[in-house]
Structure formats: C-alpha cells, structure tokens
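Visitor: sequence isn't available, so here's the structure alone:
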C-alpha cells in the first residue's frame, strides 16, 4: 500500500507523475478520467476536478479487473 499512498500524495499535491507510472487519459466509458500504473498490472483510475480542487480516486486493480477482459 505504500506505493499507492506515494502516488496519491503526489496527485494530491498536484505533482506530475514520473514517466514510470505511465499516466494517461482514458477514453470510452472513462472519458475525463486518467489511469496510472502503480505496478505493471496494478492500475489506479482517477479524476482531478480542478475547478473545486478535488481528487476522485475511482478504482484500482489489474487490467482484467478494471476493464473486464
């Protein structure tokens, strides 16, 4: 959980995630959300609403768990 806490803290502080997290925008049903890789198959889907400075953590899990592969 320390890895997840580290990423959440960076997002909370408005920091850009390092390239190793492969942070990117999502499409389809997740338009507006972003995804980053805590580990290669441990993902975090999140949404930052800048107007009200809210970080919404939507889900975490593997590709198969999150996208029903």
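Guide: Ah, there it is. Small disclaimer: the values here were computed from a predicted structure and weren't measured.
Visitor: ok, and the closest non-adjacent residue to residue 56?
Guide: What sits nearest to residue 56 in space, not counting adjacent residues and going by CB to CB, 6 or more residues apart in numbering, is residue 47, at 4.3 Å. Any C-beta I mention is one placed from the backbone N, CA and C, and that applies to glycine too.
Visitor: pretty sure the one you found contacts residue 31?
Guide: No. In this structure, residue 47 is not within contact of residue 31 by CB atoms under 8 Å, at 10.3 Å.
Visitor: between the two, who's got more neighbours?
Guide: For the pair residue 47 and residue 31, the greater number of neighbours falls to residue 47 (14 against 8), based on other CB atoms under 10 Å.
Visitor: strand partners (parallel or antiparallel) of the helix or strand harbouring the more buried one?
Guide: In this assignment (DSSP states H and E), residue 47 forms part of strand 42-49. Sheet pairing for strand 42-49, assigned by DSSP bridges, gives strand 34-39 (antiparallel), strand 54-61 (antiparallel).
Visitor: want to try TSV for the ones you listed, with distance to residue 5 as columns?
Guide: Shown next, in TSV, are those (distance: least, CB to CB, whole Å):
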stretch	distance to residue 5
strand 34-39	10
strand 54-61	11
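Visitor: which of those has the lowest mean pLDDT?
Guide: Per-stretch mean pLDDT for the strands paired with strand 42-49 is lowest at strand 54-61 (a mean of 84).
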